[in-house]
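S.K.: with the input below, show me the fold.
(chains A, B, C and D)
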2 protein chains.
Amino acid sequence: MKQIAAELGVSVTTVSKVLNKAPDIGDVTRARVLAYIADHGYRPNAVARSLTLSRTSTIGVVIPDLMHSFFVEILAAMDAVVAPKGYRLLLCASSENAEKERSELEALAERRVDGLVVAPAHATDNEDHLATMMKRGVALVMMDRDDHPAIACHRVLTDDRQVGRLATEHLIALGHTRLGHIAGPAIIHARRRYEGYRDALSAHGLAFDDSLVAEGTFLQADGEAAMRVLLQRSPRPSAVFVANDPMAIGAMKAVWDAGLRIPEDIAIVGAGNIIHGDMLRVPLTTVTWSRHEMGTRAAELLLQQLADPTTPPSRVIVEPHLLVRASCGAGQG
Amino acid sequence: MKQIAAELGVSVTTVSKVLNKAPDIGDVTRARVLAYIADHGYRPNAVARSLTLSRTSTIGVVIPDLMHSFFVEILAAMDAVVAPKGYRLLLCASSENAEKERSELEALAERRVDGLVVAPAHATDNEDHLATMMKRGVALVMMDRDDHPAIACHRVLTDDRQVGRLATEHLIALGHTRLGHIAGPAIIHARRRYEGYRDALSAHGLAFDDSLVAEGTFLQADGEAAMRVLLQRSPRPSAVFVANDPMAIGAMKAVWDAGLRIPEDIAIVGAGNIIHGDMLRVPLTTVTWSRHEMGTRAAELLLQQLADPTTPPSRVIVEPHLLVRASCGAGQG
DNA sequence: ATGAAAGCGCTAACAA
DNA sequence: TTGTTAGCGCTTTCAT
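M.R.: Numbering: from 1, shown residues only, chains lettered A, B, ... in the order given. From the prediction side, this is the model:
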């Protein structure tokens, strides 16, 4: 393409300089080049540019669930800080599946993204990839999830144990004593929510009953299946803390399919404040924290790391709080 | 990197051939190379590869609303057909904004995507870009929206006029006579839904009342604002066809905020079958069509176009049908 | 103020 | 079966 631009009788170097706003270019030449570009509709080739610069101005983002508004909101916040700096986001979904995640990470590695924001789908898998990418100089931020302790990267998280506590204590305050939990998969993030649940139980002298805990992968379908299991227990729990909102919605479905009512027969509290959670048949009480802050902080850390790769890893915690709606019953207890 | 692989005393060509599974390579050499790659964790540089091949194996996707499950479901379907062929999707959101769309299209052009799937946000803007990209040999599929008639590309659509008819006739069958419409923006797709609404009106001898039509951009917030406008009319409409589900949800919010009931005071029908539409406080009656089929067909057409750029443009229509839930009241009327 | 030359990591003829 | 050579489109010293 620049060949063609050399039709103006200038060198490719000159054109390149014009495009990069180099100062050492004559005004007339610059004008000529700009004019030519304007009406011939030339677009620089980012691929070639990336190759020479060994920099793609692209940030890979790997999230576990594209259908969950939580991650999409974070994404939007990241994009807002990163786009003005000339970076683009390359979005990948792992579907809470370590293998899919691996293949996405490999693709991102081959594409030579400058940075990476990931909410890992698994506690141990793919750690090699993450480590390799860091070693290669790819800036890494771990987002929402806190596994892979050996990876020394920035982390933007919420206080998951507190999430579990807030949710469970709300239920307890409402007078429930037979409390179930639908847990997430075997990652530390889910584990902490579970621990928060147990914290609250023991803080209030309630016995822990193993049979009242079911497990899912954080996806809606699993929440439904898990709730069906809990409904088999007798006596069944009168209230359930579900580890995230998509599963909570699945759980609600299971409750209604069983002909029971929320919250009269069973109270439900989720986490993550999914979109339209306030518009549901029974508005979902949930624990929430700022997606905007998570996305913004993650993006800022990423950019900082890109600017100065020696920045020591930091750990930012976005505080959660309870959002009371209708799915646990009337008042604040 | 291949320099380093030439540590094995072979040429880069040889390594390249191994990676591309060329047949003319000795078994022992192949094995040695593969072994080296395996334990040195080498990843080919897709940027360089793209440069030589002038092919990125990337398909750009521009959708208007990342928070709308409709598009995300289509995306998932596309990914499922395209990924096994070695293509990756590069996702961009226009937020129903022509300027944002323009900047995303420019970025995709610079990145030299091989193909493009777009649901255009505007009837005329950015047509130059689309045309230029086609001229450059980028395979283009227009998805869900049918503007830019001058662009001769594949199109995967639903029958939008029929969408409007189905929705409106449902309302009429239920006995409503004062029918409002919350329309989408000035694109043909929205216009057709509006025409379907008018078709149904006149087919049943109902007068069209201009004051009962409000307009939004397809985003939820606009649906809410538009419904507030319609509620000012007196008498207000007893039923409203909203051009898509996100706006329908916004509209529901406005109705409830005004202290009215759905469907008793006002019936609502949407279009697009948004996720959790069945779980809303009042389950949303909507017109639906297969996102899976749309995504699959779009992806297949894209691949075909990539394989044979001379393929004449085709036009596939995915038929819509009514999905009755509760937001318009009891029975089938 | 402008340009020549080298090189980013890869693939594709074409030779050997 | 393997290697040599020549680019892909760009940026970047370093001369001029």
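S.K.: can you pull up the most central residue in chain A?
M.R.: Central residue of chain A (CA atoms, centre = their mean): residue A:71, 4.4 Å from the mean position.
S.K.: host element of it?
M.R.: If you go by DSSP states H and E, residue A:71 is part of helix A:69-82.
S.K.: what's the offset of the helix or strand following that helix from the middle of its chain?
M.R.: Following helix A:69-82 in sequence order, the next helix or strand is strand A:88-93 (DSSP H and E). Centroid displacement of strand A:88-93 relative to its chain, using CA atoms, centre = their mean, to the nearest Å, is 12 Å.
S.K.: just the angle between the helix or strand following strand A:88-93 and strand B:88-93, please?
M.R.: Counting by DSSP H and E, the next helix or strand C-terminal to strand A:88-93 is helix A:98-110. Angle, helix A:98-110 to strand B:88-93, by axes from the mean of the first three to the mean of the last three CA atoms, to 10 degrees: 90 degrees.
S.K.: residue A:292 contacts residue A:78, doesn't it?
M.R.: No: contact between residue A:292 and residue A:78 fails when scored by CB atoms under 8 Å: they sit 9.9 Å apart. C-beta coordinates here come from the backbone N, C-alpha and C atoms, glycine included.
S.K.: who's more crowded, the two?
M.R.: residue A:78 (27 against 15; other CB atoms under 10 Å in any protein chain shown).
S.K.: what's the neighbour count on the residue of chain A found nearest DNA strand C?
M.R.: Using CB to the nearest atom of the strand, the closest approach of chain A to DNA strand C is made by residue A:26 at 3.0 Å. Residues near residue A:26, counting by other CB under 10 Å, number 10.
S.K.: got the angle for the strand or helix carrying residue A:51 vs strand A:88-93?
M.R.: Per DSSP H and E, residue A:51 falls inside helix A:46-53. Comparing the axes of helix A:46-53 and strand A:88-93 via the same axes, to 10 degrees yields an angle of 110 degrees.
S.K.: helix A:46-53 close to DNA strand C?
M.R.: Yes: judged by CB under 7 Å from any atom of the strand, helix A:46-53 and DNA strand C are in contact via A:48, A:51, A:52.
S.K.: contacts for that helix?
M.R.: Here helix A:46-53 makes contact (CB atoms under 8 Å, 6 or more residues apart in numbering or on different chains) with A:56-57, A:112, B:45, B:47-48, B:50-51, B:56, B:107, B:110-112.
S.K.: just the buried members of those?
M.R.: A:56, A:57, A:112, B:45, B:47, B:48, B:50, B:51, B:56, B:107, B:111, B:112 (16 or more other CB atoms under 10 Å in any protein chain shown).
S.K.: what's the closest of these to residue B:161?
M.R.: residue B:107 (34.1 Å; CB to CB).
S.K.: contact residues of chain A facing DNA strand C?
M.R.: Applying CB under 7 Å from any atom of the strand, we find that chain A lies next to DNA strand C at A:9-14, A:17, A:23-26, A:28-30, A:48, A:51-52, A:54.
S.K.: what about residue A:257, neighbour count?
M.R.: Counted with other CB under 10 Å, residues neighbouring residue A:257 total 12.
S.K.: please disregard the earlier target; I meant residue A:76.
M.R.: When neighbours are defined as other CB under 10 Å, residue A:76 has 18 of them.
S.K.: buried stuff in the helix or strand bottoming out on mean pLDDT in chain A?
M.R.: The weakest-scoring helix or strand in chain A, judged by mean pLDDT, DSSP states H and E, is helix A:2-5 (a mean of 74). Residues of helix A:2-5 classed as buried: A:2, A:5 (neighbour count, 16+ other CB under 10 Å).
S.K.: can you tell me what sits against that helix?
M.R.: With CB under 8 Å, 6+ apart, helix A:2-5 has contacts from A:12, A:15, A:16, A:33, A:36, A:37, A:40, A:42.
S.K.: near DNA strand D at all, that helix?
M.R.: Yes: against DNA strand D, helix A:2-5 shows contacts by CB under 7 Å from any atom of the strand at A:2, A:3.
S.K.: what's the spacing between that helix and its chain's center?
M.R.: Here helix A:2-5 is found 43 Å from its chain centre; the criterion is CA atoms, centre = their mean.
S.K.: only the buried subset of the contacts of helix A:2-5, as a PyMOL command please.
M.R.: Per 16+ other CB under 10 Å, the buried members of these correspond to this PyMOL selection:
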select buried, chain A and resi 15+16+33+36+37+42
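S.K.: and which of the contacts of helix A:2-5 is nearest residue A:130?
M.R.: Closest approach to residue A:130 among these (CB to CB): residue A:16, at 35.5 Å.
S.K.: how about residue A:235, what does it touch?
M.R.: With CB under 8 Å, 6+ apart, residue A:235 has these contacts: residue A:178.
S.K.: quick one: classify it as helix, strand or coil.
M.R.: Secondary structure state of residue A:235, per DSSP: H, G, I helix; E, B strand; the rest coil, is coil.
S.K.: pull the most distant pair out of the contacts of helix A:2-5.
M.R.: Pairwise over these, using CB to CB, the maximum falls at A:16 and A:40, 16.2 Å.
S.K.: quick one: neighbours of residue A:11, just the number.
M.R.: Burial of residue A:11, expressed as a neighbour count using other CB under 10 Å, amounts to 12.
S.K.: can you tell me how far the residue nearest to the centre of chain A is from residue A:26?
M.R.: Applying CB to CB, to the nearest Å, the value for residue A:71 to residue A:26 is 50 Å.
S.K.: gap between the residue lying closest to the residue nearest to the centre of chain A once chain neighbours are set aside and residue A:303?
M.R.: Spatial nearest neighbour of residue A:71, chain neighbours left out: residue A:63 (4.2 Å); criterion: CB to CB, 6 or more residues apart in numbering or on different chains. According to CB to CB, residue A:63 stands 19 Å off from residue A:303.
S.K.: okay, these two: which has more neighbours?
M.R.: A count of neighbours by other CB under 10 Å puts residue A:63 above the other of residue A:63 and residue A:303, at 25 against 19.
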